[in-house]
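>>> show me the folded form of this:
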Amino acid sequence: MKETICTIPINDIFSERDGCPICRMRDMVEKQYVEYITGAAMMAPNIRVITNEKGFCHRHYEMMMASGPKLSNALLMQTRLLYIKDHMLPKSDSSKPSKSQLEAIKNARHSCYVCDRIDHDINHFLQTFFVQFSTDENFRDLLKNQEYICLNHYELLHRAANSKGGVKSKDMKAFCEITNALCKNYLSTLYDDVTHFTTMFDYRNAGGDWKNSKDSVERSVKFLTSNEVEEVK
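Residues are numbered from 1 along each chain as shown. Sure thing, here's the model as predicted:
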């Protein structure tokens, strides 16, 4: 398939072979939005209205403070705090908060502008992903040659593949064969590496070869969680 504006980012991502490609896709989008929200978006009133209402999760506040200008972060925080004061707290100190106000505070714990934008863009990318898979053999080969697909994104891919705009029925068998192999084979590798890691603590294996097991626990966490921080609900 000839590359277009929509397919170039996906082809770029799948041209690499380092970890889970959907994680790389998410990381790319996340980085772009974190930079955008403390940069160009500061001068966009329509975006500020949304960020005042939605706010950000802890992960993205941390990323914004680490990479964005202090003034930008302060201005974002100023108007977010004002929104909370005006919409989520009683006007009078002696008043009891309403059910709607308490519900708004509860929802605010799980509300994040960047998270919402990532979800939206990932869904858009997946639509292009499925088109590429059905029409481009080269792209299918790129997918086959990935290191692995993490467990969270394996679930996401298959849920989306079975939804409207997902994988065509004629391509589903090939899709399952490739994605199952990418997830299951890496899981087996992790299991073997973690198992070998545990055996190296046996005194009888002192001085033995650790092989690829030394970072097996860290790699397993990455496989199981996608390196994402999920808010407690």
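>>> tell me the SS of Tyr83?
Counting by DSSP: H, G, I helix; E, B strand; the rest coil, the backbone at Tyr83 sits in helix.
>>> not counting its neighbours along the chain, what's nearest Leu182?
For Leu182, ignoring the flanking residues on the chain, the nearest one in space by C-beta to C-beta, 6 or more residues apart in numbering is Ile149 at 4.4 Å. Heads up, the C-betas are built off the backbone N, CA and C, glycines and all.
>>> isn't that neighbour up against Ala181?
No. Using C-beta atoms under 8 Å, Ile149 and Ala181 do not qualify as a contacting pair, with a distance of 9.3 Å.
>>> just want the most central residue of the protein.
Nearest to the centroid of the C-alpha atoms of the chain, with distances taken as C-alpha atoms, centre = their mean, sits Arg26, at 4.4 Å.
>>> pLDDT score assigned to that one?
The predicted structure scores Arg26 at 93 on the pLDDT scale.
>>> what residues does the helix or strand hosting it touch?
Under DSSP states H and E, the secondary-structure element containing Arg26 is helix 21-37. Around helix 21-37, the neighbours that count as contacts under C-beta atoms under 8 Å, 6 or more residues apart in numbering are 9-10, 13-14, 16, 18, 47, 51, 56, 60, 63-64, 67-68, 76, 113-114, 117-118, 121-122, 125, 143, 146, 149-150, 153, 156-157, 226-228.
>>> of these, which count as buried by neighbour count?
A residue is treated as buried here by neighbour count (16 or more other C-beta atoms under 10 Å); on that basis the buried members of these are 9-10, 13-14, 51, 56, 60, 63-64, 68, 76, 113-114, 117-118, 121-122, 125, 143, 146, 149-150, 153, 156-157, 226.
>>> quick one: low-confidence residue ranges for this protein.
The chain contains residues with pLDDT under 70 at 1-8, 228-233.
>>> helices of that one, start to end?
Secondary structure of the chain (DSSP state H): helices located at 7-15, 21-37, 45-54, 58-67, 70-88, 99-108, 113-135, 137-144, 151-161, 172-199, 216-225.
>>> name the residues of the last one that are buried.
Pointing back at helix 216-225 there. Neighbour counts over helix 216-225 (16+ other C-beta under 10 Å) mark 216, 219-220, 222-223 as buried.
>>> who's in contact with that helix?
Contacts made with helix 216-225 from outside it, assessed by C-beta under 8 Å, 6+ apart, are listed as 19-20, 148, 150-152, 186-187, 190, 193-194, 196-197.
>>> cool, the shortest one as well?
Applying C-beta under 8 Å, 6+ apart, the set of residues contacting helix 137-144 from outside is 1, 10-11, 14-15, 21, 132-133, 174, 178-179, 181-182.
>>> from those residues, which two are the most distant?
Within these, Met1 and Ala181 form the most distant pair, 23.2 Å apart (C-beta to C-beta).
>>> and stretch 90-107, how far out from the chain's middle?
Here the centre of stretch 90-107 is set off from its chain's centre by 32 Å, with C-alpha atoms, centre = their mean, to the nearest Å.
>>> for that stretch, C-alpha coordinates in CSV please.
What follows is stretch 90-107 as a C-alpha-only set of coordinates in CSV (Å, rounded to 0.1, in the frame of the first residue of the first chain):
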residue,chain,number,x,y,z
PRO,A,90,-19.9,24.2,48.5
LYS,A,91,-20.1,28.0,48.3
SER,A,92,-20.5,28.3,52.0
ASP,A,93,-18.1,26.7,54.5
SER,A,94,-21.2,25.6,56.6
SER,A,95,-22.9,23.9,53.6
LYS,A,96,-22.9,20.2,53.0
PRO,A,97,-21.5,19.2,49.6
SER,A,98,-24.2,18.0,47.2
LYS,A,99,-24.3,14.5,45.8
SER,A,100,-23.5,15.9,42.4
GLN,A,101,-20.4,17.7,43.8
LEU,A,102,-19.2,14.6,45.5
GLU,A,103,-19.7,12.6,42.3
ALA,A,104,-17.8,15.3,40.4
ILE,A,105,-14.9,15.0,42.8
LYS,A,106,-15.0,11.2,42.5
ASN,A,107,-14.9,11.4,38.7
